[in-house]
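Undergrad: let me see the structure of the following:
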Amino acid sequence: MTITQGVRVRGAGRRFDDHQVLVDIDLTIEPGEFVALLGASGSGKSTLLRGIGGLDDGFTGEIVAPASKAVVFQEHRLMPWLSAWRNVALGLRVDQPRPRALAALAEVGLADKADAWPTTLSGGEAQRTALARALVREPELLLLDEPFGALDALTRITAQKLVARLWEQHRPATLLVTHDVEEALLLADRALILREGRIAEEIVVDLDRPRAVVDPAFVALRSRLLAGLGVATDTAPQRESRTETVSADEEFTRV
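TA: Got it, this is the predicted structure:
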């Protein structure tokens, strides 16, 4: 599928009662571009994503986005009374949804879980099923709202690698909301910092793919992004352990 439309946001704002959360937001996501949005908790990241996704009609300003879009949330939101393939096919308007759903599950490595119930899936498997449900519609716009936040560290690395591969294959315009600086730099073409209701800084991630967290250019961008978020840092990549740092590097250099 050829992606023909991206996202254009101009002068967008959102107020809740007497609290102005977002002010004069200008944002463009080109067709096939991967953009990460970071900021402190409560800065309005998910609010902006919901506005772009058409899930919040309380915005002022202009938001133009493809009609063909899909959202993956932190919670997988699978229907527990439907099997995995039926969750993937939910709302899919085709004559024979099962083959499409099975192909999508195979793409995320879950071909053998097609008839499994959501309660029998691990957290990573459930989130991969949610990703298959989003991609089976071949959206022009993919919105990811902290989709790996509930996963353990190693499962998160695997899920990030999967998203990188699927984005390379399908190339939807993608907006990722995340708190994870390294995740943003591993996946995105640009990283945006949301601060005081506005997009305060843009960092172009001009690195070849696949990316490695120990690459000096990656480390420099990481320090710059953390500084933009108001976090003092040294130059060393921060992972839960040295073993995990090596694992993350190895996982992404195999993409």
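
Undergrad: do a quick rundown of the strands in the stretch 51-200 of the chain.
TA: Along the stretch 51-200 of the chain, counting by DSSP state E, counting those that start in this stretch, strands occupy 60-64, 69-72, 141-145, 173-177, 190-195, 198-204.

Undergrad: adding distance to residue 7, write those out as CSV.
TA: C-beta: built from backbone N, CA, C; applies to glycine. As requested, the strands of the stretch 51-200 of the chain are arranged in CSV below (distance: least, Cβ to Cβ, whole Å):
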stretch, distance to residue 7
strand 60-64, 7
strand 69-72, 9
strand 141-145, 6
strand 173-177, 6
strand 190-195, 12
strand 198-204, 13
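
Undergrad: okay, these, which one's buried deepest?
TA: strand 173-177 (a mean of 26; mean count of other Cβ atoms under 10 Å).

Undergrad: picking up where we left off before, dump the strands of the stretch 51-200 of the chain to a markdown table, plus mean pLDDT and distance to residue 155.
TA: Formatted as a markdown table, those follow (pLDDT from 0 to 100; distance: least, Cβ to Cβ, whole Å):
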| stretch | mean pLDDT | distance to residue 155 |
| --- | --- | --- |
| strand 60-64 | 97 | 33 |
| strand 69-72 | 96 | 15 |
| strand 141-145 | 97 | 16 |
| strand 173-177 | 98 | 17 |
| strand 190-195 | 97 | 23 |
| strand 198-204 | 96 | 27 |
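
Undergrad: closest one to residue 95 among those strands?
TA: strand 69-72 (20.7 Å; Cβ to Cβ).

Undergrad: partners of that closest one, with directions?
TA: Sheet pairing for strand 69-72, assigned by DSSP bridges, gives strand 141-145 (parallel).

Undergrad: the strand it pairs with to strand 173-177, inter-axis angle?
TA: Note on geometry: by axes from the mean of the first three to the mean of the last three Cα atoms, to 10 degrees, strand 141-145 and strand 173-177 are set 10 degrees apart in direction.

Undergrad: now do strand 141-145: distance to the chain's middle.
TA: How far strand 141-145 lies from its chain's middle: 5 Å, per Cα atoms, centre = their mean, to the nearest Å.

Undergrad: that'll do, ta.
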